[in-house]
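> okay, here's the prediction I keep looking at, along with the sequence it came from:
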2 protein chains.
Amino acid sequence: MAVYTQIGAEDMAALVAEFDVGELVSAKGIAEGVSNSNWLLDTTGRDGKGARFILTMYEFRIELEDLPYFLSLLDHLAGRGCAVPRTIHDRAGALYRMRGDKALALIEFLPGVSVSEPTPAQARAVGTALAQMHLASADFAGSRENGMGLAEWQRLFDACGAEGLARIDPDLAGLVAEHMPRIAAQWPADLPRSVIHADLFPDNVLMLGDKVTGLIDFYFACNDIMAYDVAVTHAAWCFDGSGRSFDPAVSAALLEGYESVRPLLPEERAALPLLAQGAAMRFTSSRAYDWLNTPADALVVRKDPMAFARRLQFYAANPAIFDTNAFA
Amino acid sequence: MAVYTQIGAEDMAALVAEFDVGELVSAKGIAEGVSNSNWLLDTTGRDGKGARFILTMYEFRIELEDLPYFLSLLDHLAGRGCAVPRTIHDRAGALYRMRGDKALALIEFLPGVSVSEPTPAQARAVGTALAQMHLASADFAGSRENGMGLAEWQRLFDACGAEGLARIDPDLAGLVAEHMPRIAAQWPADLPRSVIHADLFPDNVLMLGDKVTGLIDFYFACNDIMAYDVAVTHAAWCFDGSGRSFDPAVSAALLEGYESVRPLLPEERAALPLLAQGAAMRFTSSRAYDWLNTPADALVVRKDPMAFARRLQFYAANPAIFDTNAFA
């Protein structure tokens, strides 16, 4: 939630001139992005009628070697009709440019807002868009391992330590000890895979009314189990912020939307309760680590790990919510 | 440099519906504003062709009673052809709306970027725009005292204390003691007055090339000495960020631009050296106070008070830079 780097107007105009997008008209630093800086740019456009872009400067975390995967994935998906922003190549055809030791990419701006209280109709649209993305990625050449898989959750919990977890909540260490080994032991090995978004929270979906206008922020995208992406999206959309209240209508609509494009196999459906517990565990682990390791003066709001620990408990106690026609 | 308050998409759409500007299409929190939160909004527009606005939520500092002055001033100046953004009135005609105990105003979006290394041509354009603003405000009915006048500088220095000033720089307390009484004693009482911007830094001017497209951020505007506003703008534009390097060509162009619209009276010209020392003292005082009173975890970057203490020393040592035709 910050702009870490200042770029003067003169430098910004020179940067924009490296792309065939017209001249710079406006540049506003926007309060989005935890590990990068973002600007909303207006230019005169190639046709003089104006155009808008997001300029992203990659500050931390994302390894430069992964950038071509993320940026060419956007091109690939946009080319197959998915609602994702295109990467604007520079005049030399490059996907990104370097400024000192930092990378800069120019991304198409898409209209839409991120809903905070999704309706079933909106969840249905998101499920549909997620399935379309999975299918459209079938012939994407890139490949990237999931850096936020089970081994990483364990590593993050270990780094927190029992004492650290206890500082977050007295029950958290016990919850991890109870569920983590079981989830790891039962994790499915042979479910269908594709490129997955792996972080499709409402914040990362632009909508106009009930229509998805853009899936954004693909910086956790990787090749992994499709049904796990469904589970992540489920955990992200079907609860209130605290994780205390589950919305069965949103849940049913999300799954219906997904299956309207790509019906789940029986073995995927059967794995959803476990995959959802895994999804909840994944965000519990990263939030717990960030909670303990975010300096008090950071420009980032810490997110409550227990909001996902509660989802974990809910999923463990209520596997039947994923039964076919559970709420039909 | 932050968005202090989150407004969900649903609430934002409902808010926009209170204005006759079409439907919400996009909302991005922007990293501007120290004492308020700002969003860049896109709507379908009244004509369906799209429109853009800045939505500002007033979080701190600005007293609600002053908002009508600031917001109606924008209307007044825009109506007289000044490059300032209009205030968009709501459907009931109100200049702002309340949301809980906070006020929200919708302001016209203007294109342009803020230069970081002004050229003489740009400084000339800014001087011209400043004089136009002064003249255009002649028949503005509102009136507001300068809350950042001499008494306030003294109050801020007193609040810092000698020990606080010494923590900033060993020479600062001596500098204040040397210059502050003299400036106060010699401060002119009868120079021409108007509405003044009082904070016209490059950050608060939008430009396209050498053209001013918008003067913005009028939240220090007040009724005070016109030549003092020239002095503030001079201190803001004619030095590098550290205050160590003065640019005589930018200085000459700024004054020429101003005088191309409103020639300074001989007594205004004669007062400029002292007014410029006052302008430098004003920003030294507020920066010193903020330096000592900004919590380490604040979302605001502290600005060096010494950058203006150096300007103060420069102005005190070089009154001749304001002589007519000093650089002609």
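Done, it's in.
> any low-confidence regions in the stretch 201-328 of chain A?
A:296-300, A:325-328 (pLDDT under 70).
> what are the pairing partners of the strand or helix carrying residue A:224, and which direction each?
For residue A:224, the host element (DSSP states H and E) is strand A:222-225. Using DSSP bridges, the strands paired with strand A:222-225 are strand A:193-196 (antiparallel).
> quick one: the strand it pairs with to chain centroid distance?
13 Å (CA atoms, centre = their mean, to the nearest Å).
> what comes up buried for that strand?
A:193-196 (16 or more other CB atoms under 10 Å in any protein chain shown). (Glycine included, C-beta is placed from N, CA and C.)
> just give the nearest non-adjacent residue to residue A:138, would you?
Residue nearest to residue A:138 in three dimensions, not counting chain neighbours: residue A:194, with 6.5 Å by CB to CB, 6 or more residues apart in numbering or on different chains.
> can I get the buried residues of strand A:193-196 in a markdown table including pLDDT?
Formatted as a markdown table, the buried residues of strand A:193-196 follow (pLDDT from 0 to 100):
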| residue | pLDDT |
| --- | --- |
| A:193 | 98 |
| A:194 | 98 |
| A:195 | 98 |
| A:196 | 98 |
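> residues in the stretch 101-250 of chain A within reach of chain B, list them.
Neighbours of chain B within the stretch 101-250 of chain A, by CB under 8 Å from any CB of the partner chain: A:111-117, A:206-208.
> restricted to buried residues, select the residues you listed in PyMOL.
To isolate the buried members of these in PyMOL, using 16+ other CB under 10 Å:
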select buried, chain A and resi 111+112+113+114+115+206+207+208
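> mind checking which of the residues of the stretch 101-250 of chain A next to chain B are in strands?
Counting by DSSP state E, these place A:206-208 in strands.
> and of the residues you listed, the nearest to residue A:70?
Using CB to CB, residue A:206 comes nearest to residue A:70 of these, at 17.4 Å.
> the closest one reaches residue A:109, doesn't it?
No: assessed by CB atoms under 8 Å, residue A:206 is found out of contact with residue A:109, at 9.9 Å.
> domain ranges for chain A?
Taking automatic domain parsing as the reference, chain A has its domains at A:9-108, A:120-322.
> any idea of the mean pLDDT for the first one?
The one in question is domain A:9-108. For domain A:9-108, the mean per-residue pLDDT is 92.
> what about residue A:57, neighbour count?
Number of residues near residue A:57 (other CB atoms under 10 Å in any protein chain shown) recorded here: 19.
> measure it to chain B for me?
13 Å (CB to the nearest CB, to the nearest Å).
> whatever helix or strand that residue lives in pairs with which strands, parallel or anti?
Residue A:57 is part of strand A:51-58, with elements assigned from DSSP H and E. The strands beside strand A:51-58 in its sheet (DSSP bridges) come out as strand A:36-43 (antiparallel), strand A:102-108 (antiparallel).
> please identify the deepest-packed of these.
Sort the strands paired with strand A:51-58 by mean neighbour count, taking mean count of other CB atoms under 10 Å in any protein chain shown, and strand A:36-43 sits at the top with a mean of 22.
> pull the residues that contact it.
Residues from elsewhere that reach strand A:36-43 (CB atoms under 8 Å, 6 or more residues apart in numbering or on different chains): A:2-5, A:7, A:12, A:16, A:21-30, A:32, A:50-60, A:62, A:106, A:109, B:28, B:30, B:40, B:111.
> same check, this time on stretch A:162-176
With contact meaning CB under 8 Å, 6+ apart, stretch A:162-176 is reached by A:157, A:160, A:281, A:284, A:288, A:291-292, A:305-306, A:309, A:312-313.
> make CSV out of those residues and add secondary structure and neighbour count.
Formatted as CSV, the contacts of stretch A:162-176 follow (DSSP: H, G, I helix; E, B strand; the rest coil; neighbours: other CB atoms under 10 Å in any protein chain shown):
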residue, secondary structure, neighbour count
A:157, helix, 22
A:160, helix, 23
A:281, helix, 26
A:284, helix, 30
A:288, helix, 28
A:291, helix, 18
A:292, helix, 18
A:305, coil, 24
A:306, helix, 22
A:309, helix, 25
A:312, helix, 27
A:313, helix, 18
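> which one of those residues is nearest chain B?
Checking those against chain B with CB to the nearest CB, the nearest one is residue A:291 at 15.3 Å.
> pretty sure that closest one contacts residue A:302?
Yes: if you go by CB under 8 Å, residue A:291 and residue A:302 touch, sitting 5.3 Å apart.
> thinking again about what came up before, export the domains of chain A as TSV, with columns for distance to residue B:102.
Below are these laid out as TSV (distance: least, CB to CB, whole Å):
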stretch	distance to residue B:102
domain A:9-108	17
domain A:120-322	19
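> over to residue A:271: give its phi and psi.
Dihedral angles of residue A:271 (phi, psi; degrees, to the nearest 10) stand at phi -80, psi -10.
> what's the closest non-adjacent residue to it?
Ranked by CB to CB, 6+ apart and with sequence neighbours excluded, the top spatial neighbour of residue A:271 is residue A:188, at 4.9 Å.
> and the one you found, how far is that from chain B?
Per CB to the nearest CB, residue A:188 is found 35 Å from chain B.
> next, count neighbours for that residue.
15.
> OK, contacts around it?
So residue A:188 contacts A:225, A:267, A:271, A:274-275 (CB under 8 Å, 6+ apart).
> residue A:138 in helix, strand or coil?
At residue A:138 the chain is in coil, as set by DSSP: H, G, I helix; E, B strand; the rest coil.
> circling back to that earlier point, list buried residues within the contacts of strand A:36-43.
Here, 16+ other CB under 10 Å leaves A:2-3, A:7, A:12, A:16, A:21-22, A:24-30, A:32, A:51-59, A:62, A:106, A:109, B:28, B:30, B:40, B:111 buried among these.
> SS state for residue A:301?
Under three-state DSSP, the three-state class of residue A:301 is coil.
> and the nearest residue to residue A:284 once chain neighbours are set aside, which helix or strand is it part of?
Nearest residue to residue A:284, sequence neighbours excluded (CB to CB, 6+ apart): residue A:308, at 4.2 Å. Assessed by DSSP H and E, residue A:308 sits inside helix A:306-317.
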